[in-house]
Structures are given as structure tokens and as C-alpha cells.
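**Q** Give me a model of this one.
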Amino acid sequence: MERLAEAVNEATGRSVYPVADLAPCNELINEYTTKLLFQNCFPTLFPDAMGGLNPVKKKEHRIHEYKLADNCCHLMKWYDRRFAIHPTFKFFCLNLIQRRQIDGLIRRILDTLKPYFRSVRGSGLYWANVRDDLMAMLGNRVIPSRWPTFFLTLSAADSIWPDFFVACDPSLTLETARHLNSKTRQQYLNQCPDIAARYFSRRFKAFFE
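**A** Okay, here's the model as predicted:
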């Protein structure tokens with residue numbers, strides 16, 4: 001590559017590298033991000049940096065843009081056959097084409113599997129489906145001012161509140177009620193469900209007042 005650049009500079013009388021995107025660099029070539037991929041990988045096949053998949057700006061004008069497979073097929077039919085007889089270029093093109101095809105195939109497979117993944121509890125698609133359902137509910141249940149309806153859920157901590165146990169058994173103190181074991185708490189709750197309901201109702205009203 002350096003020899004080619006020196007030869008071009010000597011022939012043109014310029015010391016500037018002919019194509020800036022083909023200048024030597026310390027970064028590895030990436031097939032998805034490297035500009036002028038074909039020209040960087042095979043500089044001897046593209047001495048003027050033209051004819052690759054990505055055109056050189058201000059130098060190479062095209063009426064139609066080609067896809068990767070079409071571009072490779074066009075190069076294989078080039079009049080001097082330098083692309084066809086190169087020992088690795090044809091395999092490089094085939095590898096790129098197949099990798100692009102696999103990427104598209106994987107996306108199509110994932111799209112077909114999405115309905116099944118949505119039913120797998122704990123998966124990302126499952127929670128995304130739950131989120132979409134919730135957003136649909138918020139979008140459908142709106143008040144006239146176009147603001148969404150908010151849902152508020154209050155749970156009764158009837159097995160924890162010491163005041164509730166004192167209401168069930170006035171002989172208990174708050175300190176004693178805080179240290180009741182779980183079995184005793186359950187017995188009070190089973191014996192006094194009416195007190196639990198009234199107690200929760202009072203706390204519910206107090207919350208909004």
C-alpha cells in the first residue's frame with residue numbers, strides 16, 4: 001500500500017495521499033463501519049480507489065446504487081478479469097454476502113419467534129408485552145380533558161398493624177401487639193374479619209383526607 005501511494009505521488013507530482021479514506025491508520029478494518037471497504041482490503045485491485053461498493057465523494061458519480069451482491073457480480077465480470085482471477089477476492093465477496101444474508105435471516109427468525117417469547121414469563125418480550133398492554137389501557141381510559149386515568153392500589157397490612165390487634169383485644173398494649181407471633185396474628189384476623197374491614201376502611205378514608 002505504501003509503495004502504491006509513493007508511486008501515485010511520484011506520477012502525479014503530489015505528496016498528498018490520493019484518497020484520504022485510504023490513508024494508513026492504526027485501526028482495524030470493520031466491515032460495517034470502515035469507509036471504502038473494498039478499496040481498503042484490496043488496494044491493488046482499486047488503484048484509483050474507484051469502483052467499490054461505496055463511491056468516492058466528488059470523484060465517482062453513479063446514476064444507480066447497487067446492492068452488495070449486484071456490485072460483486074459486476075466486478076466478477078470486469079473486462080480485465082483482475083477481480084475474478086484474484087485468489088481471495090471472490091471468497092471475500094461471498095463471505096460478505098452470506099453474512100448479510102444470515103443477519104437478515106436471524107432477524108426474520110426472531111420476528112417469527114416473538115409471539116412465543118411473549119408467553120415466556122420473565123423474558124424481555126414478556127415484560128414488553130405487559131408494558132404495551134398497560135399503555136393501551138392508559139390510552140383507552142381517558143377523561144374528557146385527555147389526561148390518562150391513574151390507578152391506585154392500596155393493600156391492607158392487617159397482619160402488621162398493632163392498632164388492629166388492640167382493637168380486636170383491648171387488653172393488649174401497643175408494645176405487646178408489635179411483638180405477637182405470626183400464628184397469634186392470624187388467629188385475631190380470622191376471629192375478627194369485621195373489625196379488619198372497618199379498620200381498613202377508616203385508614204383508607206384517612207389516607208385521602
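**Q** Can you tell me how far the residue at minimal distance from the centre of the chain is from N190?
**A** Centre of the chain computed as the mean C-alpha position; nearest residue by CA atoms, centre = their mean is G124, 10.6 Å away. Going from G124 to N190 by CB to CB, to the nearest Å gives 42 Å. The way it works is simple: take the backbone N, C-alpha and C, and place the C-beta from them, glycine included.
**Q** Tell me which residue lies farthest from the centre of the chain.
**A** S171 (60.4 Å).
**Q** so what's the backbone phi/psi at that one?
**A** phi -70, psi -10 (degrees, to the nearest 10).
**Q** Poorly predicted segments of this structure, please.
**A** Scanning the chain for pLDDT under 70 picks out 1-25, 55-65, 138-152, 154, 158.
**Q** Please, where are all the helices along it?
**A** Assignment of helices within the chain using DSSP state H yields the ranges 2-12, 37-41, 68-76, 89-117, 124-140, 162-168, 174-178, 182-191, 193-208.
**Q** which of these sits most buried?
**A** helix 37-41 (a mean of 20; mean count of other CB atoms under 10 Å).
**Q** if we can go back for a sec, what sits against the residue nearest to the centre of the chain?
**A** Contacts for G124 (CB atoms under 8 Å, 6 or more residues apart in numbering) come out as F117.
**Q** Quick one: the helices of the chain as TSV, columns for distance to N54 too.
**A** Below are the helices of the chain laid out as TSV (distance: least, CB to CB, whole Å):
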stretch	distance to N54
helix 2-12	19
helix 37-41	7
helix 68-76	10
helix 89-117	13
helix 124-140	35
helix 162-168	74
helix 174-178	74
helix 182-191	71
helix 193-208	64
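**Q** can you tell me the distance between the two ends of stretch 68-82?
**A** 18 Å (CA to CA, to the nearest Å).
**Q** Now find how far off-centre it is within its chain.
**A** For stretch 68-82, the separation from the chain centroid amounts to 36 Å (computed by CA atoms, centre = their mean, to the nearest Å).
**Q** Please name the residues that touch the closest residue to A128 other than its chain neighbours.
**A** Take A128 and drop its neighbours on the chain: the residue closest to it by CB to CB, 6 or more residues apart in numbering is R118, 7.8 Å away. By CB under 8 Å, 6+ apart, R118 lies in contact with L125, Y126, A128, N129.
**Q** now the residues you listed as CSV including distance to G52?
**A** Output for the contacts of R118, formatted as CSV (distance: CB to CB, whole Å):
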residue, distance to G52
L125, 39
Y126, 44
A128, 40
N129, 44
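**Q** which pair in those spans the largest distance?
**A** Longest distance between any two of these is 7.2 Å, between Y126 and A128; criterion CB to CB.
**Q** All set now, cheers.
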